[in-house]
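I would like to see how this sequence folds:
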Amino acid sequence: MHTYVVTVSTTLQADTAEEAALLFYQELSAGPPPLHFHIRDEAGTTTELVLDLAKADAFASFDHSADPGNW
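As a prediction, the model looks like this:
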């Protein structure tokens, strides 16, 4: 298995950093999941990814912990 850092970002206007974090949390908990990601691998290479909502939902509906590739 490899290690990746997955980053989701958005631009918000707020009075403080904490308020920005809370607004982002509110957005995440109330709205649809984010589909735009930046992924950095172990070598430091960053890739920008935009997921297809239907494919992401289909993937999320299965228990991937039973996948022998995860052992």
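
C-alpha from now on. contacts and neighbour counts both.
OK.

Compute the first-to-last residue distance for stretch 3-23.
29 Å (Cα to Cα, to the nearest Å).

Buried residues, it. List them.
Neighbour-count burial for stretch 3-23 flags Ala20 (criterion: 16 or more other Cα atoms under 10 Å).

mean confidence for it?
Here stretch 3-23 scores 95 as its mean pLDDT.

How about stretch 42-60?
Per-residue pLDDT over stretch 42-60 has a mean of 94.

what's next to it, contact-wise?
Residues from elsewhere that reach stretch 42-60 (Cα atoms under 8 Å, 6 or more residues apart in numbering): 2-4, 35-40.

Helices of the chain, start to end?
17-30, 53-60 (DSSP state H).

Tell me the spacing between the residue of the chain most remote from its centre and Leu23.
Distance from the centre of the chain peaks at Asp15, with 24.9 Å (Cα atoms, centre = their mean). Asp15 is 11 Å from Leu23, where distance means Cα to Cα.

shared neighbours, the two?
With Cα under 8 Å, 6+ apart, Asp15 and Leu23 have no common neighbours.

hmm, back to that, phi, psi for the residue farthest from the centre of the chain please.
Phi and psi for Asp15, reported as degrees, to the nearest 10, are phi -80, psi -30.
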